[in-house]
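Enquirer: Using only what follows, build the 3D model:
(4 chains)
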Number of protein chains: 2
Amino acid sequence: MTPPRRADAERNRGLLLEAAREQRDRRGAVPPLAELAACAGVGVGTAYRNFPSRGALVEALALEGLRELLTEGRAALATGEADSLDAFLTRAVRMLVADPSLAEVVSRPADASPPTLQAVGDLHGVLVDLLDRAQQAGRVRADLTAADVHHLVCGVQLAVRLAGSDAAAGDRFTAVLLAGLRA
Amino acid sequence: MTPPRRADAERNRGLLLEAAREQRDRRGAVPPLAELAACAGVGVGTAYRNFPSRGALVEALALEGLRELLTEGRAALATGEADSLDAFLTRAVRMLVADPSLAEVVSRPADASPPTLQAVGDLHGVLVDLLDRAQQAGRVRADLTAADVHHLVCGVQLAVRLAGSDAAAGDRFTAVLLAGLRA
DNA sequence: ACCTGAACACCGTTCAAGT
DNA sequence: ACCTGAACACCGTTCAAGT
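Expert: Presented below is the predicted three-dimensional model:
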């Protein structure tokens, strides 16, 4: 399946991801590619050998958060409680606000890499199940789809960001969303 | 106050705005500045003589929609009805979805031109009044500020856009927002 | 006072040359 | 097979020269 890579190529890929993660955490955004490549100690061409584009590299970083969100979604589903949807959506909004690149990928996964599309698809499946359970229990409006809830969460994430990513505002906006979903 | 401008400068300004409006309506976005200047039949330098930046030109276009929204807000306020906030927010979401540049300006007015800041400020004032009346009537949660509602509307606008600007989705999302605002 | 457009800055992407 | 970095494309912005 996966073709074997030369060890140095694999190492450079890791150096690029690590440099991107460090710069993102230190400065809030992944720097331009030339600068990023310099931080990683490689040439820009090496970045393009390991990733189809700069966006794909950022996306690979976001995938870590995406999988974490997926894990939380499955845990919420496993509780078996009808209102586990609320806890999951609250957590999702917080994670999307904390990581702009994760929000970007979750909002517009259209031209993402196969692993990302897989994870987004899995996440959607979890949301379908969580929503279905909440709707069966009569706790959420029946006219909403999982895609609706997905898009609304992305919307609330933007609202919180516009409010300066303030935690209290995030709590209020999430409360508005959850109340609005009620049947 | 306003220094007198030479007639040809004023005319070029109008040509640029008209070209930008036409391109936006025909192709969904204002083209790069070199192309826009060519459409208007002027040089790029002329664009910079009339606007501080390309963004400022786009913003000047959005200002038209902003003033329209302001007019509607005042009309909603003039009805004197406690639930005129709902009608206004519904209209606001539709207008923001229909015009990305308007949504951009309403979402992030920070570094906008004085006339735009004025209009955004006026709009905020109208929203304060509409919200206050709805809260006094016990129709909307008391813990929400006008800024909260402002940000939430921007968020719903994004959600609708992510749903492909579908009108039915817009209606559902607006319904979720309005229900969520209820006391 | 205003106009033009070549030149510059910035950043993502490609590709010829090298190991 | 992989690496490097100069070169290219694109687009916003500036400014010297012209009217």
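
Enquirer: where does the residue in chain A that DNA strand D sits nearest to land on pLDDT?
Expert: The minimum distance from chain A to DNA strand D, using Cβ to the nearest atom of the strand, falls at A:Gly45 (1.9 Å). The C-beta positions use only the backbone N, C-alpha and C, and glycine is treated the same way. If you check A:Gly45, the pLDDT there is 98.

Enquirer: Check which helices and strands the host helix or strand of A:Ser101 is in contact with.
Expert: Per DSSP states H and E: A:Ser101 is located in helix A:100-107. Helix A:100-107 sits against helix A:54-79, helix A:84-98, helix A:114-136, helix A:146-162, with contacts defined as 3 or more Cβ pairs under 8 Å, 6 or more residues apart in numbering or on different chains; DSSP states H and E.

Enquirer: and A:Leu89, how many neighbours?
Expert: Residues within reach of A:Leu89, counting by other Cβ atoms under 10 Å in any protein chain shown, total 24.

Enquirer: Spatially, what comes nearest to it if we skip its sequence neighbours?
Expert: Spatially, and ignoring its direct neighbours in sequence, A:Leu89 is nearest to A:Val153 (5.9 Å; Cβ to Cβ, 6 or more residues apart in numbering or on different chains).

Enquirer: how near is the one you found to A:Ala119?
Expert: According to Cβ to Cβ, to the nearest Å, A:Val153 and A:Ala119 sit 16 Å apart.

Enquirer: Would you mind measuring from the residue nearest the centre of chain A to chain B?
Expert: Among the residues of chain A, A:Leu102 comes closest to the average C-alpha position under Cα atoms, centre = their mean, at 3.4 Å. For A:Leu102, the distance to chain B (Cβ to the nearest Cβ, to the nearest Å) stands at 15 Å.

Enquirer: my read: that residue touches A:Gly65, true?
Expert: Yes - contact criterion Cβ atoms under 8 Å: A:Leu102 and A:Gly65 qualify, at 4.1 Å.

Enquirer: and for these two, which residues touch both?
Expert: Common contact partners of A:Leu102 and A:Gly65 (Cβ atoms under 8 Å, 6 or more residues apart in numbering or on different chains): A:Met95.

Enquirer: can you list the residues of chain A near chain B?
Expert: Chain A comes close to chain B at residues A:107-108, A:141, A:143-144, A:147-148, A:151-152, A:154-160, A:162-163, A:169, A:172-173, A:175-182, as judged by Cβ under 8 Å from any Cβ of the partner chain.

Enquirer: Could you identify the buried members of these?
Expert: By neighbour count, with 16 or more other Cβ atoms under 10 Å in any protein chain shown, the residues of chain A next to chain B hold A:107, A:141, A:144, A:147-148, A:151-152, A:154-160, A:162-163, A:169, A:172-173, A:175-178, A:180-181 as buried.

Enquirer: remind me which residues of chain A are low pLDDT?
Expert: Applying pLDDT under 70 to chain A flags the ranges A:1-3.
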